[in-house]
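Undergrad: no sequence for this one, just the structure:
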């Protein structure tokens, strides 16, 4: 069974006195398999948060349907199996973290000792035990984000829907959040998270959906999204006598003098190998020789400019 | 129901941190106490003045607290996005609205208890005994909770779909109209103008009969109010507030929380 099934989901807002129609989401369909990590990427304003808010019942869809483990999202009971982290989460600032967790735990059906035990456990998990006596008002943005993650996993839901989970975290916090995401997958959880930080997707996700201007432009596995062919080969070598730079640069696509050596870019491996042999024959030292493949960012930009060119396992989303 | 009570409990906690609430309660209590001095301006009607000032200040400040704190605590949940994590749980919008209403009503009840206690103390200081603690005292203050329930329900309704400023204006306007309508209703019924009587009957349903729930005279004049009359009026107040809360739940269920 799919953890999450979305069928032609759409949202149109009516804005202003003249009720101007603004399509925030258009016929979005996708499926998230149980136990996977699905990255939902797109630029700001693409419709990621709208989709997520529809899934957790904060916004009513104008069209289409969605279900969580087979239950329609219109049924509040479907949210029993969902942990949700809002974008820029906010909690009652006069409460202490355990009080926040106890309040939200009660709303998820937890009670008594079990609730207390889980609250303590997740507070420890997100590294906030030291702040248990502080009110949320005194929390930094990163601490609030950690508390947001804690409340999302509090009732041990099988599906986690996280809206920009790494937002507001420092490098250590981001690594902790990434580790938490991977640990949750190891425990068999399904994760659906939105982000516009593509590095987060590359390091954690199994599948990716790319949304732009309210439409899903591509969806599939990370490997299928990235064009695996070698785009160029980069050669780094220790600096030689200055007159050799121009000779090496002439045979390369590009070249530069960096603080820790010379860097040349070649169209293929053969050209790079010839240049490397020349460097060695001149008594130089090779620092690295690395093929350059397409990054997710480059793929994102490619699809953003021309969604019709995506091939392989990637399918074009219907836009009707 | 557990979720509703959890939201209600948190609302009471949040309301008790409102500085505005304490300012208004303290002002109402000071006004009751000052009635001991004000009453000396009259001859022979001192008890009436003290009772009038005490019950009126409790009523006015209780209504203001219900409206202002009611609107603030519902609007804030959306504006500060604290409602997101709550509404994304297996909690219906109706549970949320009912929880906020019950929490605000409990807060209004606590305020009423404090202000009624202060009034009783002032009357005791004047009389030197507790002879005023008859049915009139309990009916006068008891029916105020029904008035506050209506105010809180209207505040929750308007705050569930409009801005805080508009919600306060709408709520105070309807509560004020409810009081005024009680005064003009008998005259409008006697009017020969065509359409006046049907209008009165429509307004009977639309506007809250705040005058029906106003029993301050029972304490001031020592009138006897039957238990049946008290129960009927209380049932009307609770019923009206219940209908408004149900409408608020429907309206809030249709709202997008962006």
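TA: Noted; the coordinates are in hand. Keep in mind that this is a model prediction, so the values were computed, not measured.

Undergrad: now do the helices in the chain.
TA: Unless you meant another one, I'm taking chain A. Applying DSSP state H to chain A gives helices spanning A:48-55, A:97-107, A:112-125, A:141-153, A:171-186, A:198-204, A:222-225, A:243-251, A:269-281, A:296-305.

Undergrad: actually chain B
TA: B:2-15, B:19-38, B:46-79, B:82-87, B:93-127, B:135-159, B:164-190, B:196-206, B:216-220, B:227-253.

Undergrad: okay, residue A:60 and residue A:182: tell me how far apart.
TA: 34 Å (CB to CB, to the nearest Å). All C-beta spots, glycine's among them, are computed from the backbone N, C-alpha and C.

Undergrad: repeat that for residue B:11.
TA: 38 Å.

Undergrad: the more surrounded of these two?
TA: residue B:11 (25 against 14; other CB atoms under 10 Å in any protein chain shown).

Undergrad: kindly provide the distance from the residue nearest to that one when sequence neighbours are not counted to chain A.
TA: On the basis of CB to CB, 6 or more residues apart in numbering or on different chains, the spatially nearest residue to residue B:11 that is not a chain neighbour turns out to be residue B:103, at 2.5 Å. According to CB to the nearest CB, to the nearest Å, residue B:103 and chain A sit 12 Å apart.

Undergrad: next up, the contacts around residue B:103.
TA: B:7-12, B:14-15, B:73 (CB atoms under 8 Å, 6 or more residues apart in numbering or on different chains).

Undergrad: what is the nearest of these to chain A?
TA: Set against chain A, the nearest of these by CB to the nearest CB is residue B:10 (5.5 Å).

Undergrad: for the nearest residue to the closest one once chain neighbours are set aside, list the residues it contacts.
TA: Distance criterion CB to CB, 6+ apart; nearest residue to residue B:10, sequence neighbours excluded, is residue A:103 at 5.5 Å. Going by CB under 8 Å, 6+ apart, residue A:103 touches A:92, A:95, B:6, B:10, B:86.

Undergrad: try residue B:6
TA: Residue B:6 neighbours (CB under 8 Å, 6+ apart): A:103, A:106-107, B:99.

Undergrad: picking that back up, which of the helices of chain A sits closest to residue B:200?
TA: helix A:97-107 (44.7 Å; CB to CB).

Undergrad: tell me what angle the closest one forms with helix A:141-153.
TA: On the basis of axes from the mean of the first three to the mean of the last three CA atoms, to 10 degrees, helix A:97-107 is oriented at 30 degrees to helix A:141-153.

Undergrad: got the buried residues for helix A:97-107?
TA: Judged by neighbour count using 16 or more other CB atoms under 10 Å in any protein chain shown, the buried positions of helix A:97-107 are A:97-107.

Undergrad: try stretch B:9-17
TA: B:9-15.

Undergrad: give me the neighbour count for residue A:36.
TA: By other CB under 10 Å, the residues close to residue A:36 number 18.

Undergrad: burial count for residue B:134?
TA: If you count neighbours by other CB under 10 Å, residue B:134 ends up with 15.

Undergrad: surely it touches residue B:223?
TA: No - using CB atoms under 8 Å, residue B:134 makes no contact with residue B:223, being 9.8 Å away.

Undergrad: just to revisit the earlier point, just name the closest of the buried residues of stretch B:9-17 to residue A:49, please.
TA: Closest to residue A:49, out of all of these and judged by CB to CB, is residue B:10, at 25.4 Å.

Undergrad: who touches the closest one in this structure?
TA: Per CB under 8 Å, 6+ apart, neighbours of residue B:10: A:92, A:103, B:103.

Undergrad: tabulate those (a markdown table), appending pLDDT and distance to residue A:74.
TA: Shown next, in a markdown table, are the contacts of residue B:10 (pLDDT from 0 to 100; distance: CB to CB, whole Å):
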| residue | pLDDT | distance to residue A:74 |
| --- | --- | --- |
| A:92 | 93 | 28 |
| A:103 | 95 | 25 |
| B:103 | 96 | 27 |
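
Undergrad: nearest to residue B:77 among those residues?
TA: Out of the contacts of residue B:10, the member with the shortest distance to residue B:77 (by CB to CB) is residue A:92, at 8.9 Å.

Undergrad: burial count for the closest one?
TA: Residue A:92 has 22 nearby residues by other CB under 10 Å.

Undergrad: can you pull the contacts of the residue lying closest to it once chain neighbours are set aside?
TA: Nearest in space to residue A:92, with sequence neighbours left out and distances taken as CB to CB, 6+ apart, is residue B:82 at 5.5 Å. By CB under 8 Å, 6+ apart, the residues touching residue B:82 are A:90-92, B:76.

Undergrad: which pair of those spans the longest distance?
TA: The span of the contacts of residue B:82, defined through CB to CB, is set by A:91 and B:76 at 12.4 Å.

Undergrad: between these two, tell me which one has more neighbours.
TA: Of the pair residue A:91 and residue B:76, residue A:91 is the one with more neighbours under other CB under 10 Å, namely 26 against 16.

Undergrad: wait, the more buried one sits on residue A:102?
TA: No - judged on CB under 8 Å, residue A:91 makes no contact with residue A:102 at a distance of 11.9 Å.

Undergrad: so how far is chain A from the residue lying closest to residue B:216 once chain neighbours are set aside?
TA: Nearest non-adjacent residue to residue B:216, counting by CB to CB, 6+ apart: residue B:55, 4.2 Å away. Distance of residue B:55 to chain A, given as CB to the nearest CB: 33 Å.

Undergrad: for residue B:55, grab the count of nearby residues.
TA: Applying other CB under 10 Å, we find 25 residues neighbouring residue B:55.

Undergrad: what sits against it?
TA: Residues near residue B:55 by CB under 8 Å, 6+ apart: B:119, B:140-141, B:216, B:219-220.

Undergrad: let me have the residues you listed in TSV, adding pLDDT and neighbour count as columns.
TA: Shown next, in TSV, are those (pLDDT from 0 to 100; neighbours: other CB atoms under 10 Å in any protein chain shown):
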residue	pLDDT	neighbour count
B:119	88	28
B:140	90	25
B:141	91	25
B:216	83	20
B:219	81	28
B:220	80	20
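
Undergrad: format those as a markdown table; extra columns: distance to residue A:125.
TA: What follows is those, written out as a markdown table (distance: CB to CB, whole Å):
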| residue | distance to residue A:125 |
| --- | --- |
| B:119 | 52 |
| B:140 | 55 |
| B:141 | 50 |
| B:216 | 57 |
| B:219 | 58 |
| B:220 | 62 |
